[in-house]
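**Q** I would like to see how this sequence folds:
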Amino acid sequence: MRQAYAHQAVVISTGDERAPGGAITLALCGSWEHEPPCPLAEHHTTAERRDGGSGGEVLLRVRFSAAPADEAEVRARIVAALAAGR
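**A** Residues are numbered from 1 along each chain as shown. Just a heads-up that it's a prediction; the model follows:
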């Protein structure tokens, strides 16, 4: 049975604030396009520039549902995707 979780991060980005969400999707699903449901954790990412402009800090909120035994793996993949910076 899956449970709901949230993960929050702040990244520094001067590019498209949606890019980190794409990286997270690749890390969790292996592809941007696949048949539902997401294999490891169904998820949704929102991104909001904290300074209101085109540079600086981006606040990311990832909501996901996963089996409790998979929570640590999902969080580790999110962190790794953001750390890779692509």
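**Q** the residue nearest to the spatial centre of the chain sits in which helix or strand?
**A** In the chain, the residue lying closest to the centroid (CA atoms, centre = their mean) is Ile24, at 3.9 Å. Secondary structure assignment for Ile24, by DSSP states H and E: helix 19-29.
**Q** tell me which other helices or strands that helix touches.
**A** strand 42-49, strand 57-66, helix 71-84 (3 or more CB pairs under 8 Å, 6 or more residues apart in numbering; DSSP states H and E). Backbone N, C-alpha and C define where each C-beta goes, glycine included.
**Q** related to what we said a few turns ago, with adjacent residues omitted, what lies nearest to the residue nearest to the centre of the chain?
**A** Nearest non-adjacent residue to Ile24, counting by CB to CB, 6 or more residues apart in numbering: Ala81, 5.0 Å away.
**Q** that neighbour: neighbouring residues, count only.
**A** 20 (other CB atoms under 10 Å).
**Q** tell me, how many residues neighbour the nearest residue to Arg18 once chain neighbours are set aside?
**A** Setting aside the residues directly before and after it, Arg18 is nearest to Ala47 in space (CB to CB, 6+ apart), at 6.0 Å. The local packing of Ala47 (other CB under 10 Å) involves 17 other residues.
**Q** my guess is Ala47 meets Ala23, correct?
**A** No: applying CB atoms under 8 Å, one finds Ala47 not in contact with Ala23, separated by 11.2 Å.
**Q** circling back to that earlier point, quick one, what contacts the residue nearest to Arg18?
**A** Ala47 sits next to Glu17, Arg18, Pro20, Gly21, Val58, Leu59, Leu60 when contact means CB atoms under 8 Å, 6 or more residues apart in numbering.
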